[in-house]
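*Asks:* Mind looking at a prediction? Sequence and model below.
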Amino acid sequence: MREAGDTAFTVRAPASSANLGPGFDSLGLSLPLFTTVTVTPQAVAEVVPLGPELAGTPADEGNYVYQAMLLAARQAGRGLPSARVEIQTEIPLARGLGSSAAALVAGIVAGNEALGRPLSEAEVLDLAAREEGHPDNVAPALLGGIVVATLDRLGTHHVRLDPPPHLGVTVLIPDFELSTSRARGVLPGEYSRADAVHALSHAALLAAAFAQGRLDLLRHAMQDRLHQNWRAPLVPGLSDILEGATGHGALGAALSGAGPTVLCFHDAREETAGLHAFLHGVMEAHGLTGRVLDLPIQTEGTVVQRGG
Ligand SMILES: Nc1ncnc2c1ncn2[C@@H]1O[C@H](COP(=O)(O)OP(=O)(O)O)[C@@H](O)[C@H]1O
Ligand SMILES: N[C@@H](CCOP(=O)(O)O)C(=O)O
């Protein structure tokens, strides 16, 4: 019987916010809410999702985290050692905060760790990006910080940036779920040349603004025509926030991933009470409930801890 090494280990993968406006499928950042997977070698495989957030997920080998561990093993051409796999998460599911990317990355990293790390970091990233179909959540989940990434037939190519000083995030997390597949389903199959030029010029400006710490450019660079308008009918209040947030202290605003969470940037040296009041007011006007949180950008990506 193969077992997962000699000792238990824990993998912790962070949440992520993808797109950031115009960077559809290509730009994302990491946030300090975590999915944690604890792998304990034992004779029989066991999958144990813990806590209310994971109540609806499979408690068997069909669990997405376990499937990701198997994916890593298949990629390495090996069998997965038997273990008890406990899964916990602070990331609300289907809200546009990359819960599936965190589960996928945590599972791949856990499978790789159980096998003695046959896959390099680049191979882990590429495997996760191909499985998810786009790299904008899995790259910041694995690497932390802000990541610009593209996926082509040769691999997943990326640049990871440390966040500019004083750049803080405010997220409005509504209490309702919206699956990424549903929110991708409303997007058109084709765009005009004008929309393509709009998208690439804004995404390029946004990446450059992050690289140079040009917080003054965020409100201009975060304009999008590829996905937010199409998704607005699925996210009550989104248009109000995109139009009004910069008038209430935000440096820029965007739908987080496929939604329904909305992300605003703020200057961490400034008060955010006015922005919070505005976001709560939008929720109230649309009959929604939810949470508004200030978070720093998470600079550390996925980590493995052994022993202890
Ligand atoms: N920790 C987890 N364990 C098992 N499945 C998970 C976990 N996190 C996410 N998932 C799966 O991913 C789905 C949400 O993915 P998705 O619709 O892409 O939303 P998002 O990634 O924005 O949270 C959940 O409904 C669940 O099936
Ligand atoms: N680029 C993707 C990002 C999906 O992010 P998620 O956090 O909602 O899974 C998209 O916009 O569909």
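*Replies:* Right, received. Where do you want to start? Residues are numbered from 1 along each chain as shown. Ligands and ions are numbered 1, 2, ... in the order given.

*Asks:* what's around the spatially closest residue to residue 166 that is not a sequence neighbour, how many residues?
*Replies:* Spatially, and ignoring its direct neighbours in sequence, residue 166 is nearest to residue 268 (4.8 Å; CB to CB, 6 or more residues apart in numbering). Quick note: C-beta positions are derived from backbone N, CA and C, even for glycine. When neighbours are defined as other CB atoms under 10 Å, residue 268 has 15 of them.

*Asks:* do residue 60 as well
*Replies:* Neighbour count of residue 60, defined by other CB under 10 Å: 12.

*Asks:* likewise residue 95?
*Replies:* By the measure other CB under 10 Å, the count of residues near residue 95 is 23.

*Asks:* surely it meets residue 178?
*Replies:* Yes: here residue 95 reaches residue 178: they are 7.3 Å apart, a contact under CB atoms under 8 Å.

*Asks:* and for those two, which residues touch both?
*Replies:* Counting by CB atoms under 8 Å, 6 or more residues apart in numbering, the shared contacts of residue 95 and residue 178 are 259, 260.

*Asks:* okay, the residue of the stretch 151-300 of the chain found nearest ligand 1: pLDDT?
*Replies:* Closest approach of the stretch 151-300 of the chain to ligand 1 (CB to the nearest ligand atom) occurs at residue 180, with a separation of 3.4 Å. You'll see residue 180 listed with a pLDDT of 97.

*Asks:* Touching, it and residue 94? I think so.
*Replies:* Yes: between residue 180 and residue 94 there is a contact at 7.3 Å, judged by CB under 8 Å.

*Asks:* contacting residues around residue 292?
*Replies:* 170, 171, 172, 173, 276, 279, 280.

*Asks:* List, one by one, the residues from the protein near ligand 1.
*Replies:* Contact residues, the chain versus ligand 1 (CB under 6 Å from any ligand atom): 35, 49, 54, 57, 63-65, 87, 89, 93-101, 103, 179-180, 257.

*Asks:* again, only this time at 5 Å
*Replies:* By CB under 5 Å from any ligand atom, the part of the chain that sits against ligand 1 consists of 35, 57, 64-65, 89, 93-94, 96, 99-100, 103, 179-180.

*Asks:* Out of those residues, give me the two with the largest separation.
*Replies:* 65 and 96 (19.6 Å; CB to CB).

*Asks:* What segments of the stretch 51-200 of the chain are strands?
*Replies:* Ranges of strands in the stretch 51-200 of the chain, per DSSP state E, counting those that start in this stretch, are 83-89, 146-152, 155-161, 167-174.

*Asks:* Can you give the contact residues for the longest one?
*Replies:* Surrounding strand 167-174, the residues in contact under the criterion CB under 8 Å, 6+ apart are 17, 29, 31, 92, 95, 97, 213, 215, 235, 241, 250-251, 256, 260-268, 272, 275-276, 279, 282-283, 288-297.

*Asks:* And the residues you listed, which of them are buried?
*Replies:* Buried subset of those (neighbour count, 16 or more other CB atoms under 10 Å): 17, 29, 31, 92, 95, 97, 215, 235, 241, 250-251, 256, 260-266, 272, 275-276, 279, 282-283, 288, 290, 292, 297.

*Asks:* From the residues you listed, which land in helices?
*Replies:* Per DSSP state H, helices hold the following members of those: 241, 275, 276, 279, 282, 283.

*Asks:* Who's the closest spatial neighbour of the first one, skipping the chain neighbours?
*Replies:* Right, residue 241. residue 262 (5.1 Å).

*Asks:* cool, and the fifth one?
*Replies:* Distance criterion CB to CB, 6+ apart; nearest residue to residue 282, sequence neighbours excluded, is residue 237 at 4.4 Å.

*Asks:* Contacts only, for that neighbour.
*Replies:* Residue 237 touches 262, 282, 283, 285, 286, 288, counting by CB under 8 Å, 6+ apart.

*Asks:* And it, how far from ligand 2?
*Replies:* 17 Å (CB to the nearest ligand atom, to the nearest Å).

*Asks:* which among the contacts of residue 237 gets closest to residue 8?
*Replies:* Nearest to residue 8 out of these is residue 262 (CB to CB; 38.3 Å).

*Asks:* is it true that that closest one touches residue 235?
*Replies:* Yes: counting by CB under 8 Å, residue 262 does reach residue 235; the two are 7.4 Å apart.

*Asks:* so what's in contact with those two at the same time?
*Replies:* Common neighbours of residue 262 and residue 235 (CB under 8 Å, 6+ apart) are residue 255.
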